[in-house]
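Peer 1: Requesting a structural model of the entry that follows:
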Amino acid sequence: MVELKTDTSIDAMYEAGQVVGRALTAARDAADVGVSLLELDEVARGVLREAGASSPFLGYRPSFAPFPFPAVICASVNDAIVHGIPTAYRLRDGDLVSIDCGAELAGWVGDSAISFTVGTPRPADVRLIETAERALEAGIAAAVVGNRIGDIAHAIGSVCRSAGYGIPDGFGGHGIGRRMHEDPGVPNEGRPGRGMPLRHGMALAIEPMVIGSGRDGYHAAQDGWTLRTNDGSRAAHAEHTVAITDAGPRILTERNSSSAN
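Peer 2: Predicted structure coming up:
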């Protein structure tokens, strides 16, 4: 069942989204050669703590997971697509990092993700990240009243496929609001004009994921959480929480443009 949010509720979700944006910006600013993923998680924890927010990630355990998630960010490096658990791994020059973060504030949730490189970027990684961001922009542009979920999926998939990149099947965006994962699902590939109609008050987490080799295959790592590309190629992830409104899509997790990727 899809809950339509009131304008007041959307404003409250915006406040949660701003905490997420600050946490992601702080984690990205702290990321450097030699910094551990656990240290980035601690940076994000500090932002949530200062805002009086909690983490919808910490302790989350979906049906596929062997244990509750132990951190407030997902930190996925190089061939990790999503759901990477922060560890003592220290970032190296040229790493491609995707950070996913959520915050719950006053009963409402925001969810967002960024990808960036550490140190000297590889041109192929820059193109991969730019494509994930363009796919996100296209998906948001399609998130208008009168369109359907399939229009968002088609917009995202068209950008990713035209760039020659793979898309991990079965993983995509989702409804969001009082809980991190609500109806409806938002695939990253699909047919236009299909699926649930978009209405004022819907809130969606739109999140393209792209695989650099152009192949779609992935597998769960030994930790049972991290999804890695089958061929070892690199992946990028971008995400915003977006409200569907009669005035157009409203991004609830916007970050400072000078710091966000």
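
Peer 1: Glu42 falls within a helix, correct?
Peer 2: Yes - remark: Glu42 belongs to a helix, assigned using DSSP: H, G, I helix; E, B strand; the rest coil.

Peer 1: Gly17 versus that one, what's the distance?
Peer 2: With distances taken as Cβ to Cβ, to the nearest Å, Glu42 is found 22 Å from Gly17. All C-beta atoms are positioned from the backbone trio N, CA, C, and that covers glycine.

Peer 1: These two: who's more crowded?
Peer 2: Between Glu42 and Gly17, Gly17 has the larger neighbour count (other Cβ atoms under 10 Å), namely 31 against 16.

Peer 1: Got phi/psi on Asp93?
Peer 2: phi -60, psi 130 (degrees, to the nearest 10).

Peer 1: and if you look at Ala220?
Peer 2: Here is the backbone geometry of Ala220 (degrees, to the nearest 10): phi -80, psi 130.

Peer 1: and it, how many neighbours?
Peer 2: 14.

Peer 1: try the one 3 residues further on
Peer 2: Close neighbours of Asp223, defined as other Cβ under 10 Å, add up to 14.

Peer 1: From what I see, it and Ala80 are in contact.
Peer 2: No - using Cβ atoms under 8 Å, Asp223 makes no contact with Ala80, being 10.3 Å away.

Peer 1: roughly how far apart are Gly107 and Glu15?
Peer 2: 11 Å.

Peer 1: More neighbours: these two, which one.
Peer 2: Using other Cβ under 10 Å, the more surrounded residue of Gly107 and Glu15 is Glu15, with 16 against 11.

Peer 1: before we move on, what SS does the more buried one have?
Peer 2: With three-state DSSP as the criterion, Glu15 reads helix.

Peer 1: any idea how far Arg127 is from Ala163?
Peer 2: 7 Å.

Peer 1: And Thr117, by the same measure?
Peer 2: For Thr117, the distance to Arg127 - Cβ to Cβ - is 11 Å.

Peer 1: So if I had to pick from those two, which one is more boxed in?
Peer 2: Comparing Thr117 with Arg127 by other Cβ under 10 Å, the one with more neighbours is Thr117, at 21 against 16.

Peer 1: Is that one in contact with Asp95, as I believe?
Peer 2: Yes - look at Thr117 against Asp95 with Cβ under 8 Å: they come within range, at 6.9 Å.

Peer 1: Was I right to think Arg255 contacts Thr25?
Peer 2: Yes - counting by Cβ under 8 Å, Thr25 is a contact partner of Arg255 at 5.3 Å.

Peer 1: what about the strands in the chain?
Peer 2: Counting by DSSP state E, the segments of the chain that form strands are 73-77, 80-82, 96-105, 108-117, 173-175, 182-186, 203-206, 209-211, 218-220, 227-229, 235-237, 240-243, 250-251.

Peer 1: With mean pLDDT and distance to Val2 added, can I get the ones you listed in TSV?
Peer 2: Below are these laid out as TSV (pLDDT from 0 to 100; distance: least, Cβ to Cβ, whole Å):
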stretch	mean pLDDT	distance to Val2
strand 73-77	98	25
strand 80-82	98	24
strand 96-105	98	19
strand 108-117	98	15
strand 173-175	98	6
strand 182-186	98	5
strand 203-206	98	9
strand 209-211	98	23
strand 218-220	97	28
strand 227-229	98	26
strand 235-237	98	24
strand 240-243	98	13
strand 250-251	98	17
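
Peer 1: nearest to Ser9, of those?
Peer 2: strand 108-117 (6.8 Å; Cβ to Cβ).

Peer 1: and the closest one with strand 73-77, angle?
Peer 2: Counting by axes from the mean of the first three to the mean of the last three Cα atoms, to 10 degrees, strand 108-117 lies at 20 degrees to strand 73-77.

Peer 1: helices and strands around strand 108-117, which ones?
Peer 2: In terms of contacts (3 or more Cβ pairs under 8 Å, 6 or more residues apart in numbering; DSSP states H and E), strand 108-117 is packed against helix 7-30, strand 96-105, helix 123-141, strand 235-237, strand 240-243.

Peer 1: Give me the buried positions along the first one.
Peer 2: It refers to helix 7-30. By 16 or more other Cβ atoms under 10 Å, the buried positions in helix 7-30 come out as 9-10, 12-28.
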